[in-house]
Each structure stands twice: as C-alpha cells, then as structure tokens.
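J.: build me a model from this:
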Amino acid sequence: MVSFQSNLWSVSERQRDRRRHLCLSLPRWATDYLKRVDPGLARSGRPLVLWEKIKGGMRLAAVDATAAAANLMAGQNLSDARALVPGLEVREIDHGLLEQAFADFADWHSNASPIVAVHDAMSPYGDLVLDITGVSHLFGGEERMLALVVGRLSKLGYRVDGAIADTVGAAWALAHFSPGRIVAPDEIEEALAKLPVVALRLDEKQVAGLNQMGLKQIGQLYGRDRRALQARFGATLTLRLDQALGMAEERVTPRVPMAEFFVDRRFAEPIGYMDDVLMTARDLAIQLGLRLEAESLGAQSFHLMLYRVDHKVISLSINAARATRDPDHIAQLFVHRSERLAGEYDAGFGIDMIRLAASSVSEVQSIQLGAFEVHDGAADLDRLYDRIASRLGPLALTRSKFVNTHIPELSIRLEPVIARTADDPQARPDPDLVRPLRLLPAPEPVTVLAEVPDGPPVRMIWRRIAYRVLKASGPERIEAEWWRTGKSLEMLQPPSREDKRRDPRDDPKQATSTRQPKPAEEHVSKLEAFDPMTVVRDYYVIEDDGGRRFWIFRIGLYGAAEAPRWFLHGFFS
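T.: Got it, this is the predicted structure:
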C-alpha cells in the first residue's frame, strides 16, 4: 500500500486581500545545473567557470563555489582566470539552454504554490517568486514552508536562499541580501532600511550615482524629495521603492496558467508505474467531480501534472467535447491519452506528487437519472469524440461547419469536434439549390467554347482533355457579399467648419435666391468604387457524352474589355 496525503484547493479559497510572496534566489544556477546534468563535473572537484564573448573578449559569465573561493568572479578575463587557477574546467555558456531549463525548474515548484513566476527583472534565470497566499498552512506555516522549499533544493545540490514578505520587491531584496527572513506586513520598512540600494533592483548607473551622493542604504531614501530623486535617477528609482514598500502594485505572471479547480496527492514514497499514476488519476477525478458538482459546474479541459523528484514535470492534457464532471469519463480519457506516449513516459527517480486541474469551467446542471431520463444519444456521441481525440489527438476529428456566405468554396470550414463553436442558423444552405456532390478546394481554369456569346458551353477542355457537352442548364448567378470584396463604399462626410462659414445657406440674412446647392462631390470621399464584375459568377450544370456532370462558372461577359474566364468547380457524379 502507498501512503499519501490529499489536499483540495480552489481559487475562491485562496483569495485574500493581502498577498504573501516567497522569493528564491539561486545565484549559481548555471554551474549547479550543469553539475547535475553532468555528474562528472561535480566528481572531478575542479573549479567550473562559464565564459562568453563580450565586445570581442572572452570573459567569465558564471563561476561555481570552488572558483569563487579562488577569487574568481563574473566579468573577469578568461586568460587571467586561467593564470590564477591553472586547473580550471572551462565551458562556454549557453543562455538559451539555461533559460529553458530554469523555466521547467519553475514549473516544478507549482507543487508548492499554484502561482509560480520567473523573476527576470535582473536576470533571465536565477530568481523565482511564489505566491503563497493561503497555501503556507498546508506546510505547517510560513517558516516550515520556507525551510522545506529551500531544504529540498539544497539536497539536490543547488545554492539557494529564500525570504518571505508581502511584496515581490521586498521578498527579492531579502532573499539576496538578508536570506531566511520572514517579514510581517508592518515590518517591511524596518527590514529594508539596512539593505543596500542595489536591493531595489536598480541598474549599475543608478547605484553608482546614489553611492556618490552618500545614499548607500534604502532607509536613507525614506522621506527624501521624490521629485528630486526622480529627476536625477529616473522614474524607476521611485517605482522600485514604492513596489518594495507596497505603495505600488507589482504583479507576477505565473508560468503555469491558473486552474479554477484542482486536487493533488502527495506520496510518502515516490511511485513510477503508469498503472499507479492512472489509478491515482481516477481517485483525483472523483474528488474533483464532487467539488465541481457542489458548485453546479463542469470543465472542458483537464490537466494531469506529474511532479518528479528530480525537479521535472510531466504534463498530460485532455479536452472534452462539452463540459463534464463525470469521474469515470475523465479517468478513461487519461487512459487513452497515456497510450499516445508510446514509450516516451519516464518517471525518472520517481513521482512524489500528482495534481489534476480543471480549466474552461462553465455551468452544468444536474442530470436526472430514472424513469423520465431522455436518451437522445448526444452524450454517447460526445464520449466517442473524446475517446477518439484522446487516442489520436485533438485535431484528428473535425466537423464541417456552415459559414454564412454565398461563395461555395468558403461556405464550409473544418473545426475540431471537441472545440466546436455554436452554429449560425442563417448559415444553413438552401436544400432546394442544386449543388455538386464533390467540390474542388479551389476552382480550376478550363477552356470553354460556346455557340453564341453568353450562351451555354458546347465544349470544355480541362487538364488537356476535351469534353463534348450534350446538355447544359443555367446560368445561376452567385454574387459575393459586398463586404467580402475588399472594396469600399462611397461615404458622405460632413462639411468642415470653414465650409460652413462660407456657405450662404448658413446665414439667415441671405436671400433665398442665393441658396444654391453645393456640388455633391465636394462632400463625397474619393473612395474606390464597387466593381461587381470581379465578384459575379454565372454557374452552369453541364453533362458530357459520357454521362459525367460538371459544375462550371464564368466570370465576366463577352464583349467586355477583358474576355470572360471559365472555371470548373465541382462534380455531380
């Protein structure tokens, strides 16, 4: 038997007027991550440095703890570093790889808080912000939560510091310059007062200018003339100060979209088999279904997130054809979805937490079960759609949707069945109209001979094959809507004030005989006229000597400036 702990949260339960943020600082993320990816780097014991080209020179971009103890630092020339420490392990830094790895690393922290963001104000990687409002009590309080989050990362080999405060700015400043602190809302000013001004996330130029003025600590900025500070150091100085003190709002953008409802289960010992994962997903689906039923809701999107012990997340997502909260149906969809992994599933060193989240929530009324239940087959059909989409993918099953237009090739479009939209009742075709069984995706040009101008065709050449026409009916004129042609209509514009002053009609003292109408073209905008010849089609149904029936159309008329063009559009048989 696997022991576990089950938690159930919803957005409404987490909403509070006051937010609490936990900031994590990983100053040696680049080197610590590479050592975990390549354990040989850690076993060698040699100092590790990463370099990059800056203005044509090779300079250090990151150093590990061993290299830092040897007085090496970022920005130092690589040749000087090799002279100081001959046994260096040197590698070129890959910022793209580190940013992507850190983003995945941030997603893993959603097992501690549903709102996790990468704080990239100072660096694209190395800082995380967790919104722990209403979450810390699940870990035994903020102090135990901070110790747990920092402790598990330290066990993985990362250098990490953390702090908790009301504002993102204060939590970031404390995590970097006074780690381990948990600051109450009324203690932020005092906690920040002794920190250096660089803790406000200022650039080097601003910090140097403040130090020249003797302003080295944040507390020295309290009570100073804000206009003078802003004029000399820019608006970002006062903005960062206000954000840190909570006088200006600073929001975080979560990496993982917020789910309206989710349930999770933590395991005392990691699991690895897919059968265990699916069994847990069924149990979580029951809990989630009860939660949704209590609020008369259903969901169309469900996400199963598997948190591995090696800070990686496996995410499985499914979409339903319509909102549902049926646990058996949800669990079965994940069974079909797991079959698509085809051996790609890798639990690593094990999974210590599983979360099932629901999004795209909408109201779903309870269904009566009994003698008066109506079986119209719609629910069974939707379940079939969901099963097919889970096995083959969301775009594998599509449906034809009518579009409100007269243009035949645009009157139908395909959309996924599980993401279908409402039908337009005005878009349904007229059943009395004669339409071909097969329509070409795009009309193909043909050469047509007619006995008389504007008459039905007697011969057609399509793809270098001649067809002799025995019968023809038509024409049926189909014209595109004027708003689909890309043309503009003529518009009347009101006269300007100057024109009004010059117009004698506006002066009541003028005689009636002097009121001459102004030319209409003076107030008509010079817009391109509507050209119906480019959008009018004359369709014919023709039959050749072999019994084949075609649907062709003509654009233009004989005797016009341009000769008419003929196109083949469909086949009847």
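
J.: so residue 289 makes contact with residue 328?
T.: No. Judged on C-beta atoms under 8 Å, residue 289 makes no contact with residue 328 at a distance of 9.0 Å. Quick note: C-beta positions are derived from backbone N, CA and C, even for glycine.

J.: tell me which of the two has more neighbours.
T.: Neighbours per residue (other C-beta atoms under 10 Å) separate residue 289 from residue 328, with residue 289 holding more: 22 against 12.

J.: elements contacting the helix or strand where the more buried one lies?
T.: Counting by DSSP states H and E, the element that carries residue 289 is helix 274-294. Judged by 3 or more C-beta pairs under 8 Å, 6 or more residues apart in numbering; DSSP states H and E, helix 274-294 is in contact with strand 4-10, strand 261-271, strand 297-308, helix 327-339, strand 351-363.

J.: from these, which stretch is densest packed?
T.: Highest mean neighbour count of the helices and strands packed on helix 274-294: strand 297-308, a mean of 22 (counted as mean count of other C-beta atoms under 10 Å).

J.: just checking, next helix/strand downstream of it?
T.: Per DSSP H and E, strand 297-308 leads on to strand 313-324 as the next helix or strand towards the C-terminus.

J.: angle of that next one against strand 351-363?
T.: 20 degrees (axes from the mean of the first three to the mean of the last three C-alpha atoms, to 10 degrees).

J.: could you list the buried residues of strand 313-324?
T.: 313, 314, 316, 318, 319, 320, 321, 322, 323, 324 (16 or more other C-beta atoms under 10 Å).

J.: now do the contacts for the second one.
T.: For residue 314, the contact set (C-beta atoms under 8 Å, 6 or more residues apart in numbering) comprises 305, 306, 308, 345, 346, 347, 351.

J.: helix or strand for residue 243, which one?
T.: Per DSSP H and E: helix 235-245 holds residue 243.

J.: what is that helix packed up against?
T.: Counting contacts by 3+ C-beta pairs under 8 Å, 6+ apart, helix 235-245 packs against helix 168-177, helix 188-193, helix 226-233.

J.: check what pLDDT the nearest residue to residue 466 once chain neighbours are set aside gets.
T.: Closest residue in space to residue 466, ignoring its immediate chain neighbours: residue 459 at 6.6 Å, by C-beta to C-beta, 6 or more residues apart in numbering. For residue 459, the model assigns a pLDDT of 89.

J.: which residues sit in contact with residue 459?
T.: 448, 449, 466, 467, 468, 469.

J.: tell me which element the fifth one is part of?
T.: With the criterion set as DSSP H and E, the secondary-structure element containing residue 468 is strand 465-479.

J.: partners of that strand in the sheet?
T.: Counting by DSSP bridges, the strands paired with strand 465-479 are strand 457-462 (antiparallel), strand 536-544 (antiparallel).

J.: could you list the buried residues of it?
T.: Those would be 467, 469, 472, 474, 475, for strand 465-479 by 16+ other C-beta under 10 Å.

J.: how far off centre is it?
T.: Relative to its chain's centre, strand 465-479 lies at 49 Å (C-alpha atoms, centre = their mean, to the nearest Å).

J.: could you list the low-confidence segments of the stretch 151-300 of the chain?
T.: For the stretch 151-300 of the chain, the stretches with pLDDT under 70 are 257.

J.: my bad, the stretch 451-573 of the chain
T.: Applying pLDDT under 70 to the stretch 451-573 of the chain flags residues 482-535, 559-561, 573.

J.: wait, residue 337 sits on residue 320?
T.: No. Look at residue 337 against residue 320 with C-beta under 8 Å: they stay out of range, at 11.8 Å.

J.: show me this protein divided up by domain.
T.: Domain assignment for the chain, taken from automatic domain parsing, gives 9-28+97-245, 262-365+377-389, 438-485+532-571.

J.: now the element after the helix or strand encompassing residue 22, going C-ward?
T.: Using DSSP H and E, residue 22 falls within strand 21-25. Following strand 21-25 in sequence order, the next helix or strand is helix 29-37 (DSSP H and E).

J.: what does that following helix contact?
T.: For helix 29-37, contacts defined as C-beta under 8 Å, 6+ apart pick out 26, 41-42, 48-50, 61-64, 91, 93, 98, 101-102, 105, 125-126, 156-159.

J.: that's all I had, so thanks and see you.
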